[in-house]
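Asks: Could you work out the structure for the sequence below:
(one chain, ligands or ions: 1)
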Amino acid sequence: MTTAEDLVKAALDVAHRAYAPYSKFFVGACIKTTSGQLFIGCNVENASYGATLCAEASAIATMVSHGEQHIAEIAIAGLHCNQTIIPCGICLQRIREFSKPSTTLLHLANPQGKFVTYTLEQLQPYSFGPEFLETAK
Ligand SMILES: [Zn+2]
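Replies: I've put the predicted structure just below:
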């Protein structure tokens with residue numbers, strides 16, 4: 001059984017492999033899908049800043065490329081921040097695409113591995129998701 005602590009540890013581990021030469025803000029993420037599989041990702045910066053990929057996006061891309069699309073939990077950790085990390089707004093939207101807002105858990109960690117847990121709905125109480133496009137068909 002994979003615990004939240006395991007996910008946070010994996011997020012901290014992969015944060016060490018982040019490519020962050022510009023911001024020095026090294027971030028890792030570890031997704032646990034509803035089927036129990038784990039997928040990690042780290043931020044990948046670019047000299048053209050707009051091309052930078054967040055850790056959450058990296059983990060989501062890996063998850064989807066492995067045929068999984070349902071996030072049960074995601075741990076996110078930053079190495080050089082002085083507080084518990086918070087996902088950016090774009091990543092909350094990215095997570096939303098593959099989540100159930102009322103039950104998907106986000107474990108947000110500080111560099112020491114101490115974390116707080118929120119549902120996606122707590123962090124993003126009003127959000128746009130795939131169901132909004134159902135009536136467009
Ligand atoms: Zn982000």
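Asks: contacts, neighbours, all on C-alpha from now
Replies: OK.
Asks: Okay, now the unreliable bits of the protein?
Replies: Scanning the chain for pLDDT under 70 picks out 136-137.
Asks: Could you pull out the helices in it for me?
Replies: 4-15, 55-65, 89-97, 120-123 (DSSP state H).
Asks: Single out the most deeply packed of these.
Replies: Comparing these by mean neighbour count (mean count of other Cα atoms under 10 Å), helix 4-15 comes out on top with a mean of 22.
Asks: and the angle from that one to helix 55-65?
Replies: Taking axes from the mean of the first three to the mean of the last three Cα atoms, to 10 degrees, one finds helix 4-15 and helix 55-65 inclined to each other by 100 degrees.
Asks: any idea how far the spatially most central residue of the chain is from residue 11?
Replies: Centroid check for the chain by Cα atoms, centre = their mean gives residue 56 as the closest residue, at 3.4 Å. Using Cα to Cα, to the nearest Å, residue 56 is found at 10 Å from residue 11.
Asks: Show the contacting residues for the residue nearest to the centre of the chain.
Replies: Neighbour list for residue 56: 28-30, 41-43, 76, 91, 94-95 [criterion: Cα atoms under 8 Å, 6 or more residues apart in numbering].
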